[in-house]
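Peer 1: Return a 3D structure for these sequence lines:
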Amino acid sequence: MAERGKKSGQGKYRGAGKPYKGRSQSSDKPRRRIGAPIKKRSSHSSSPSPTSSSSASSDISAAPPSPRRRQHSERHTSDIPRRFERDEDESLSVSEARELSPDLVYGRHSVLALLEGDRQINRIWILSRLRYDPRFHGLLNEAKANGSVIDEVEPRRLSQMTQGASHQGIVAQVAPYDYLELPDLIAQAKAATDQPVLVAADGITDPHNLGAIIRTAEAMGAQGLVIPQRRAVGVTSAVMKVAAGALETLPIARVVNLSRALETLKAEGFWVYGTVAGARQSLYSTSLNQPIVVVIGSESEGLGMLVQRYCDELISIPLKGKTASLNASVAAGMVLYEVFRQRHTQTWNIDAQLSKRNNGQSSEKYRHLSS
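Peer 2: Coordinates of the predicted model:
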């Protein structure tokens, strides 16, 4: 304040430079202008007593403490947005909330696949009308015998749990997905067939795309999937819903570095094909009759440059229309079907000839496969 007085050409106000304790009644601190902001004091500075001027000479330690800041837990209920309020009968306990957070699987096909598989199910919420449905009744009883909790609830409870997703009347809470280590995935794939097919997904962030890739890969007979830990979606509730049960039979390995994983796969005898728009090598002129890894990139950025360097060949899917690219899951499906077609065309032709020899009428169903 003294410095400010010098700059404005005015002298020091009375009592400047003296502690409040030693000032006279006429040397009070200048009053703050109405509407001016209150300046913060440092923690070591003293504050004037809020009492009358007659007590100005008293010790400042008697000043009442400043009001305590209201804690987050002390907020009034009116501060909470109504969209987060629940009815009393629908409120979740702390333990329930913790159970719901990790992995929810919803949808009839997805939950049926869970019930038919070996994955641990902690709890199942189901509509009353589905509880004794022939498709669920026996499996639910078996799950209950294995320790699962079965709750019959109202539809709006399921809608709250799934945040409005299409739950189809049933929700299950399962243990977190158990990813395989890459060496274990390789060993399983080689044990299953002498020409295993693995899919590697680079930078897939859309859970619906990843779920569709999982479903397609399992349907086309792939032996597993490899995904990176960073900048990519993992196995979530939405992925499980779209995969429609394929996760129960298709193993997945999650790796720290996808490029190094491809290097490991190449050392194990796999031929790595990366799908890139505009690549010179066409999918339909590529021989896919060996252990292979099909690498699919994201829709927005495609395959990363480092991942491309670790591929043995870059292939493209020929397009006839004006659309420049395909959905990642659609591209994966087209490549995997071409793998399936190349490996089974000869078998289909033999079966068609045998069928024609035995019964000429039944040969018609094989013609569209061998053409």
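
Peer 1: R260 versus L225, what's the distance?
Peer 2: 17 Å (C-beta to C-beta, to the nearest Å). Using the backbone N, CA and C atoms, a C-beta is placed for each residue, glycine as well.

Peer 1: Could you report the neighbour count for the residue lying closest to S287 once chain neighbours are set aside?
Peer 2: Leaving aside its chain neighbours, S287 sits nearest to Q342 (7.3 Å; criterion: C-beta to C-beta, 6 or more residues apart in numbering). The tally of other residues near Q342 (other C-beta atoms under 10 Å) stands at 14.

Peer 1: Which helix or which strand is home to Q342?
Peer 2: Element membership for Q342 (DSSP states H and E) is helix 328-358.

Peer 1: Wait, I315 touches L283, no?
Peer 2: Yes: under the criterion of C-beta atoms under 8 Å, I315 makes contact with L283 at 5.1 Å.

Peer 1: Between those two, which contacts overlap?
Peer 2: T275, V335 (C-beta atoms under 8 Å, 6 or more residues apart in numbering).

Peer 1: higher neighbour count, the two?
Peer 2: For I315 versus L283, neighbours defined as other C-beta under 10 Å are more numerous around I315 (22 against 19).

Peer 1: So which residues of the stretch 101-250 of the chain form helices?
Peer 2: Here the stretch 101-250 of the chain has its helices, by DSSP state H, counting those that start in this stretch, at 108-116, 128-131, 134-145, 155-161, 182-192, 207-219, 237-243.

Peer 1: I'd like the mean pLDDT over the longest one, please.
Peer 2: In this model, helix 207-219 carries a mean pLDDT of 94.

Peer 1: In CSV, list the C-alpha atoms belonging to it.
Peer 2: Taking C-alpha atoms only, helix 207-219 is exported to CSV below (Å, rounded to 0.1, in the frame of the first residue of the first chain):
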residue,chain,number,x,y,z
PRO,A,207,-16.3,-51.4,-29.2
HIS,A,208,-18.9,-52.3,-31.9
ASN,A,209,-16.2,-52.8,-34.5
LEU,A,210,-14.1,-55.0,-32.2
GLY,A,211,-17.2,-57.0,-31.2
ALA,A,212,-18.0,-57.5,-34.9
ILE,A,213,-14.4,-58.6,-35.7
ILE,A,214,-14.5,-61.1,-32.9
ARG,A,215,-17.8,-62.5,-34.1
THR,A,216,-16.7,-62.8,-37.7
ALA,A,217,-13.3,-64.2,-36.8
GLU,A,218,-14.9,-67.0,-34.7
ALA,A,219,-17.4,-67.7,-37.4
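
Peer 1: So which other helices or strands are in contact with that helix?
Peer 2: strand 197-202, strand 224-228, helix 237-243, helix 328-358 (3 or more C-beta pairs under 8 Å, 6 or more residues apart in numbering; DSSP states H and E).

Peer 1: Let me have these in JSON lines, extended by mean pLDDT.
Peer 2: Converted to JSON lines, the helices and strands packed on helix 207-219 look like this (pLDDT from 0 to 100):
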{"stretch": "strand 197-202", "mean pLDDT": "96"}
{"stretch": "strand 224-228", "mean pLDDT": "96"}
{"stretch": "helix 237-243", "mean pLDDT": "84"}
{"stretch": "helix 328-358", "mean pLDDT": "79"}
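
Peer 1: need these in a markdown table with distance to G304, can you?
Peer 2: Formatted as a markdown table, the helices and strands packed on helix 207-219 follow (distance: least, C-beta to C-beta, whole Å):
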| stretch | distance to G304 |
| --- | --- |
| strand 197-202 | 6 |
| strand 224-228 | 10 |
| helix 237-243 | 21 |
| helix 328-358 | 14 |
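
Peer 1: K266 is nearest to which of these?
Peer 2: strand 197-202 (11.7 Å; C-beta to C-beta).

Peer 1: can you list the residues that contact the closest one?
Peer 2: 185, 189, 210, 213, 217, 220-228, 232, 258, 261-262, 265, 270, 272, 291-298, 303-304, 307, 328, 332, 336, 339.

Peer 1: Just the buried residues out of these, in ChimeraX syntax.
Peer 2: Entered in ChimeraX, the line below selects the buried ones among the contacts of strand 197-202, by 16 or more other C-beta atoms under 10 Å:
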select :185,189,210,213,217,220,222,223,224,225,226,227,228,232,258,261,262,265,270,272,291,292,293,294,295,296,297,298,303,304,307,328,332,336,339
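
Peer 1: and of the helices of the stretch 101-250 of the chain, who's closest to K322?
Peer 2: The nearest among the helices of the stretch 101-250 of the chain, by C-beta to C-beta, is helix 207-219 at 22.4 Å.
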